[in-house]
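Participant: Could you work out the structure for the sequence below:
(3 chains)
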Amino acid sequence: MNKLTLWFHKFGSPPVFHRIGGLLAPWLFAAALVLMAVGLYGGLVLAPADYQQSDAYRIIFIHVPCAWMSLFIYFFMAANAFIALVWRIKISEILAMTSAPIGAAFTAITLATGALWGKPMWGTWWTWDARLTAELVLLFLYLGVIGLYHAIEDRRQAARAAGFLALVGVVNVPIVHFSVKWWNTLHQGSTVRLLGPSAIDSSMLWPLLVMALATKLWFFASLFVRARNDLVELEAGKDWARKVALGEGDGA
Amino acid sequence: MKPGTLGAACLAVIRRDLTLSWRRRGDALNPVLFALVVVTLFPFALGPEPNQLARIAAGIVFVAILIAGVLALDSMFRSDCDDGALEQLVLSPHPLPLLLACKILVHWTTTALPLIVAAPLLAEMLHLQHAVLPVLLAALALATPLLSLLGAVCVALTVGMRRSGMLLALLVLPLYVPVLIFAAGACDAAQAGLPYLAPLLWLGAALVLALVLAPLACAAALRISIT
Amino acid sequence: MSDFLAMGGYGVYVWASYAVFFVLLAIDFIAPRLRRRRVLAELRGRLRRQQRKTQENPSP
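Facilitator: Now for the predicted structure:
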């Protein structure tokens, strides 16, 4: 067996994942915080005020990375759900279910910061444009997955059912986006665009990209921490979990 | 029909479900009554002025019927799950999607069809323009089977849960939003004198797609829930 | 410094957004750690009960 498949198989083993995740998580958190500091310094201090929106535009350094993360995490969740349903790999089940609350948090931040940005700029806390509405539906999708996962007793069956729901949702998100866009043209309502057609200046772009990377690292760090908990709980009867509980090391 | 064939199995499922609902035929009125209550409450909330009500009549009728439908979804598999017939269905040698499609058909006939029949009454209570009524009925005829099919997938995921009402509503909402948009959008277009065929055709296309895919998804979901 | 806080008059909105971000991330950081403590404590309790059972009823 070549080295790559060997590594892949090992990583899928719960005690190994538990150990490696535990080693990586603090470094990922640290890196995320450092990058956030750099990105926010660039965004809040270095970047100049926008011509049209003055300093209020600085919300995008939170809003846009979190929006990107809400979608990235959903696809990550759906991909793991697919692997879990087809190949029944335990780690994939756990990764899928663990990403859901983190994704929901990023979606909530996106919606809240979107409202806080909309109020001073366009005079309204909420607008039913395609992107915000699709983001709201995405939040409901996350909450549905979380709710279904917690409603079923058997953890593995619960993960499969909620994973199936996540896959159904993946198909639904573009449909919702398209239909809301159509709905908006029908009602000639406010076609507010959160990012105007003007190209973004490089001094504003690099903090945005740094923040995007920072939030990604934070997601993986948080994912590892949460997944380790779920793994210990799921494998409670096994020797390695016993060793972890009694503090005799990671048992890998 | 020769017993043991697929056709006989489908017919048996349909006959069984129809007989069971006939024995509790009063229950078929429940969604209708609920929709009636919802529609009655709106004028009290918004004021009785006919023009104002007429503007939003189609939307209110749709939302009332949609919510009544969500409440009625639970009955699709509930009794069969309780008495073990659902497991027999899953174990049957005949293709499960087809048998489920028959169940969904009967469920639509017994819950949504009465709502469609009641729709003109609901529309009249809200002063809907008479010219819009045929479009409303067409949109309902296309949308309600779609809602039943999509709802069936979600019910299959929550089958057997004791208090699944709120969770079910949460699960179906993202799936129902596009259907509602196009159905109510067709009525709005008709009301404004604009062409309304396009959204109806979108609904039709979605319905055809769902007729094929939803039973498959429902069967997969059922197999996950019943292990 | 006060210019920085005022953010061109939009200070409330900008800082509220940043607050939402950091508060939710803080919750995301703390919650799993609390859960881990609970999970490990439960597991230890279960192990103790199992040990007691095997001590009281030693296998023949």
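Participant: What helix or strand is residue 19 located in?
Facilitator: Because you didn't say which chain, this covers chain A. Assessed by DSSP states H and E, A:Arg19 sits inside helix A:14-41.
Participant: You answered for a different chain; I wanted chain C.
Facilitator: Here C:Ala19 is assigned to helix C:11-56, by DSSP H and E.
Participant: wait, does that helix contact chain A?
Facilitator: Yes: using Cβ under 8 Å from any Cβ of the partner chain, helix C:11-56 comes into contact with chain A via C:13-14, C:16-18, C:20-21, C:24-25, C:27-29, C:32-33, C:35-36, C:39-40, C:43-44, C:46-47. Backbone N, C-alpha and C define where each C-beta goes, glycine included.
Participant: Can I have the buried ones of these as a ChimeraX selection?
Facilitator: Selecting only the buried entries of the residues of helix C:11-56 next to chain A in ChimeraX, with 16 or more other Cβ atoms under 10 Å in any protein chain shown as the criterion:
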select /C:13,14,16,17,18,20,21,24,25,28,32,36,39,40,43
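Participant: show me where chain B has helices.
Facilitator: For chain B, the helices defined by DSSP state H occupy B:6-23, B:29-46, B:50-73, B:78-83, B:85-91, B:96-125, B:133-157, B:165-191, B:197-225.
Participant: A:Leu213 and chain B, how far apart?
Facilitator: Counting by Cβ to the nearest Cβ, to the nearest Å, the gap from A:Leu213 to chain B is 29 Å.
Participant: How about the contacts made by that residue?
Facilitator: Contacts for A:Leu213 (Cβ atoms under 8 Å, 6 or more residues apart in numbering or on different chains) come out as A:Leu35.
Participant: for it, phi and psi?
Facilitator: Per-residue torsions, A:Leu213: phi -70, psi -40 (degrees, to the nearest 10).
Participant: Hmm, C:Asp28 and A:Ala105 touching each other?
Facilitator: Yes: assessed by Cβ atoms under 8 Å, A:Ala105 is found in contact with C:Asp28 at 5.6 Å.
Participant: that older thread, the helix holding A:Arg19: which residues count as buried?
Facilitator: Within helix A:14-41, the residues that qualify as buried are A:14-21, A:25, A:28-29, A:31-32, A:35-36, A:38-40, counting by 16+ other Cβ under 10 Å.
Participant: Can you name the next helix or strand after it?
Facilitator: Counting by DSSP H and E, what follows helix A:14-41 is helix A:60-87.
Participant: just how off-centre is the helix holding C:Ala19 within its chain?
Facilitator: In terms of Cα atoms, centre = their mean, to the nearest Å, the centre of helix C:11-56 is found 4 Å from the chain centre.
Participant: that older thread, give me the angle between the helix holding A:Arg19 and helix C:11-56.
Facilitator: Put simply, helix A:14-41 runs at 160 degrees to helix C:11-56, going by axes from the mean of the first three to the mean of the last three Cα atoms, to 10 degrees.
Participant: could you give the mean pLDDT of helix A:14-41?
Facilitator: Taken as a whole, helix A:14-41 has an average pLDDT of 92.
Participant: Give the other helices and strands that it contacts.
Facilitator: Contacts defined by 3 or more Cβ pairs under 8 Å, 6 or more residues apart in numbering or on different chains; DSSP states H and E place helix A:14-41 against helix A:3-11, helix A:90-122, helix A:202-234, helix A:239-245.
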